[in-house]
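# need coordinates for the below:
(one chain, ligands or ions: 3)
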Amino acid sequence: SEERALNFIEEIVEEDLVAGKNGKRVLTRFPPEPNGYLHIGHAKSICLNFGLALRYGGQTNLRFDDTNPTKEDVEYVDSIKEDVKWLGFNWANELYASDYFDKLYDFAVALIKKGLAYVDDSSAEEIASQKGTPTEPGTPNKYRSRSVEENLQLFADMKAGKYPDGAKVLRAKLDLAAPNMHLRDPLMYRIKHTHHHRTGDKWCIYPMYDFAHGQSDAIEEITHSICTLEFIPHRDLYNWFIEQLDIFPSKQYEFARLNLNYTVMSKRKLLQLVEDKHVDGWDDPRMPTISGLRRRGYTPASIREFCERIGVAKRENMIDVSLLEFCIREDLNKTAWRRMAVLDPIKMVITNYPEGQTETMFSENNPEVEGGEGGRDIPFSRELWIEREDFMEEPPKKFFRLGVGLMARLKSAYIVKCDSFVKDADGNVTEIHCTYIPESKSGNDTSGINVKGTIHWVSVPHAHTAEVRMYDRLFQVEDPSNEDGDFKEYLNPTSLHILPNAYIEADLASAVPGKGYQFIRKGYFTLDKNSNAGKLVFNRTVTLKDGWVK
Ligand code: ATP
Ligand code: MG
Ligand code: MG
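Residues are numbered from 1 along each chain as shown. Ligands and ions are numbered 1, 2, ... in the order given. You can find the predicted model right below:
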């Protein structure tokens with residue numbers, strides 16, 4: 001894509017390179033906590049971190065921030081790796097913060113020896129109440145003056161498993177009067193007798209985020225540690241630990257997280273939707289997860305393009321989901337082959353077409369591309385499925401499809417004229433009877449007849465059946481997390497609409513998940529992963545048009 005202005009992080013990197021900082025090296029990291037599947041917000045962070053490395057000849061580490069054993073799982077580790085790769089990025093090293101537990105423990109001991117950390121026996125409530133307020137300093141408790149020797153012994157005992165969960169914590173001895181509350185003797189370690197997905201039962205003390213993240217960056221010699229705005233107040237502490245430990249000076253930079261309307265993006269909330277079965281798993285096509293978008297038919301290129309368009313800013317805003325839809329629509333318009341599928345079928349009988357006869361109609365794969373990318377032969381016969389909405393019993397003026405006396409072109413085939421229709425006992429139209437104009441065949445039309453409307457169709461004896469799933473926004477309101485009550489009250493009850501009995505052209509029987517098709521006049525679709533030869537299921541990726549303006 002065309003050159004754009006540098007974003008503020010690229011400007012920082014370029015200044016650092018010019019100044020010869022970090023040995024003119026760029027090393028970023030993407031640090032997911034393996035406690036859920038990645039979502040479109042993570043894609044923004046991935047594109048930013050990997051994009052910087054690609055742009056400046058650097059590298060990116062994939063580091064699992066797995067310091068909190070209670071919510072983490074290998075299922076999530078595997079899905080994260082799959083999603084990053086699928087987005088098109090390659091990491092330099094696959095790393096785990098838990099691999100640094102020994103080093104982090106040694107760092108903590110070093111700080112205790114410098115008199116900069118102490119073991120505190122207070123409860124969480126006591127610690128909170130001793131912290132003061134933004135305008136009043138905190139008050140030191142009796143544990144703060146423990147000797148280095150006593151702290152070393154107690155910390156070793158914490159590690160050895162002598163104390164139950166919550167009995168003690170290790171805190172930095174920093175500044176109880178600091179205006180930044182994060183500097184008021186922050187916690188470094190807590191006791192948790194919990195099995196860890198990688199380290200097993202080796203540890204019963206686990207480092208806090210603030211004591212793990214910066215040190216992990218420093219161990220890897222990360223040059224630019226990029227995170228979201230809520231970590232601004234953590235930056236002083238990030239720097240303090242690095243300075244006191246005299247380790248590699250990684251630097252933290254903050255950008256605005258992605259917020260997308262009509263969805264939620266916290267992993268905790270997405271997990272609730274999965275656990276309460278409001279959706280069909282983390283990769284439900286309505287989920288804002290990478291795996292959900294993939295199953296829905298989004299391409300990696302469309303997601304990268306979306307991240308490029310939203311840009312990198314220092315102030316939070318809400319991005320309209322229609323921009324994401326715009327990006328996939330643009331992509332699929334250029335790449336998706338056109339196919340015919342009748343989603344809500346009604347039968348058309350061409351009364352002047354010989355019974356038992358079949359001929360083939362040629363239709364190109366993609367008129368958006370020069371040469372059409374080839375095409376395929378579509379069987380045509382006396383009986384066709386057409387879309388119920390393309391016929392009206394009492395058509396209004398300017399209805400350019402079918403009604404008694406009206407004419408329309410069958411896509412890539414003949415012009416037909418509607419003569420009559422058949423109703424069942426309940427008054428439902430069950431069949432439409434037409435005659436075709438033999439001289440009007442597409443590509444060789446000598447009929448001299450001009451019709452305004454073109455409709456799609458599938459030959460009855462040649463059609464395959466499919467279930468087609470139409471999706472709408474998962475939530476009825478723009479920002480469900482900011483409404484009164486529980487966010488789940490705002491779920492859209494009609495976010496999934498199933499068309500159980502669609503007819504598709506035979507060629508679609510060879511569709512594979514992830515390959516996008518335009519169902520002519522109906523939108524873009526892809527095969528769902530739960531399809532099999534006995535039951536084809538298609539997901540609508542996106543509609544053909546929307547109000548979004550470039
Ligand atoms: P959640 O609140 O969904 O649990 P998280 O920030 O705790 O998100 P992590 O796994 O820690 O999730 O995130 C990995 C990286 O992705 C972090 O650097 C984080 O800042 C970034 N990230 C997470 N959500 C977004 C978002 N909405 N926009 C941009 N970056 C994000
Ligand atoms: Mg996090
Ligand atoms: Mg989180």
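
# can you give me the helices in the stretch 251-400 of the chain?
267-275, 290-296, 300-310, 321-335 (DSSP state H, counting those that start in this stretch).

# other residues contacting the third one?
For helix 300-310, the external contacting residues (Cβ atoms under 8 Å, 6 or more residues apart in numbering) are 1, 4, 40, 43-44, 47-48, 86-88, 258, 290, 293, 319, 323-324, 327-328, 330-332. Quick note: C-beta positions are derived from backbone N, CA and C, even for glycine.

# what about the residue nearest to residue 113 when sequence neighbours are not counted, how many neighbours?
Sequence neighbours aside, residue 148 is the residue nearest to residue 113 in space, at 6.1 Å (criterion: Cβ to Cβ, 6 or more residues apart in numbering). By other Cβ atoms under 10 Å, 14 other residues sit near residue 148.

# again with residue 367
Residue 367 has 12 nearby residues by other Cβ under 10 Å.

# burial check on the residue of the chain found nearest ligand 1, number of neighbours?
Nearest to ligand 1 in the chain, going by Cβ to the nearest ligand atom, is residue 41, at a distance of 2.2 Å. Applying other Cβ under 10 Å, we find 18 residues neighbouring residue 41.

# for it, which non-adjacent residue is closest in space?
residue 258 (4.4 Å).

# which residues of the stretch 101-250 of the chain fall in strands?
Ranges of strands in the stretch 101-250 of the chain, per DSSP state E, counting those that start in this stretch, are 117-120, 169-172, 187-191, 205-207, 224-228.

# can you check which of those gets nearest to residue 137?
strand 169-172 (15.9 Å; Cβ to Cβ).

# CA atoms of that closest one as CSV?
Provided in CSV are the C-alpha atoms of strand 169-172 (Å, rounded to 0.1, in the frame of the first residue of the first chain):
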residue,chain,number,x,y,z
VAL,A,169,3.9,-11.0,50.0
LEU,A,170,7.2,-9.5,48.8
ARG,A,171,7.1,-5.8,48.2
ALA,A,172,9.5,-3.2,46.8
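
# buried residues in stretch 356-365?
Buried residues in stretch 356-365, counted by 16 or more other Cβ atoms under 10 Å: 361, 363, 365.

# of the contacts of helix 300-310, grab the buried ones for PyMOL.
In PyMOL syntax, the buried subset of the contacts of helix 300-310 is picked out as below (16+ other Cβ under 10 Å):
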select buried, resi 40+43+44+47+48+86+87+258+290+293+319+324+327+328+331+332
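
# picking that back up, residue 40 is in contact with the residue nearest to residue 41, correct?
Yes: the pair residue 258 and residue 40 passes the contact test of Cβ atoms under 8 Å, sitting 6.6 Å apart.

# overlap in contacts, the two.
Joint contacts of residue 258 and residue 40 (Cβ under 8 Å, 6+ apart) are residue 265.

# which parts of the stretch 51-200 of the chain are helices?
74-86, 101-113, 124-130, 148-160.

# mind putting those into TSV with mean pLDDT and distance to residue 214?
What follows is these, written out as TSV (pLDDT from 0 to 100; distance: least, Cβ to Cβ, whole Å):
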stretch	mean pLDDT	distance to residue 214
helix 74-86	97	22
helix 101-113	98	10
helix 124-130	96	22
helix 148-160	98	20
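
# domain ranges for the protein?
8-255, 267-337+466-542, 344-455 (automatic domain parsing).

# residue 282 and residue 39 touch, don't they?
No: between residue 282 and residue 39 there is no contact under Cβ under 8 Å: 9.3 Å.

# need the overlap of contacts for the two.
Joint contacts of residue 282 and residue 39 (Cβ under 8 Å, 6+ apart) are 270, 289.

# re the thing from before, which helix or strand contains the residue of the chain closest to ligand 1?
helix 40-55 (DSSP states H and E).

# so what does that helix touch, helix or strand wise?
helix 8-18, strand 27-30, strand 59-64, strand 224-228, strand 259-260, helix 290-296, helix 300-310 (3 or more Cβ pairs under 8 Å, 6 or more residues apart in numbering; DSSP states H and E).

# pull up the pairing partners for the fifth one, direction included.
Spelled out, it's strand 259-260. strand 318-319 (parallel) (DSSP bridges).

# and for the third one?
Each strand that strand 59-64 pairs with, and the sense of that pairing, follows from DSSP bridges: strand 27-30 (parallel), strand 94-96 (parallel).

# residue 384: which of those strands is closest?
Across the strands paired with strand 59-64, closest to residue 384 is strand 27-30 (Cβ to Cβ), at 51.4 Å.

# just to revisit the earlier point, how about JSON lines for the strands of the stretch 101-250 of the chain, with mean pLDDT, mean neighbour count and distance to residue 443 added?
Compiled in JSON lines, the strands of the stretch 101-250 of the chain are given as follows (pLDDT from 0 to 100; neighbours: other Cβ atoms under 10 Å; distance: least, Cβ to Cβ, whole Å):
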{"stretch": "strand 117-120", "mean pLDDT": "98", "mean neighbour count": "24", "distance to residue 443": "81"}
{"stretch": "strand 169-172", "mean pLDDT": "98", "mean neighbour count": "23", "distance to residue 443": "78"}
{"stretch": "strand 187-191", "mean pLDDT": "98", "mean neighbour count": "21", "distance to residue 443": "74"}
{"stretch": "strand 205-207", "mean pLDDT": "98", "mean neighbour count": "23", "distance to residue 443": "70"}
{"stretch": "strand 224-228", "mean pLDDT": "98", "mean neighbour count": "21", "distance to residue 443": "55"}
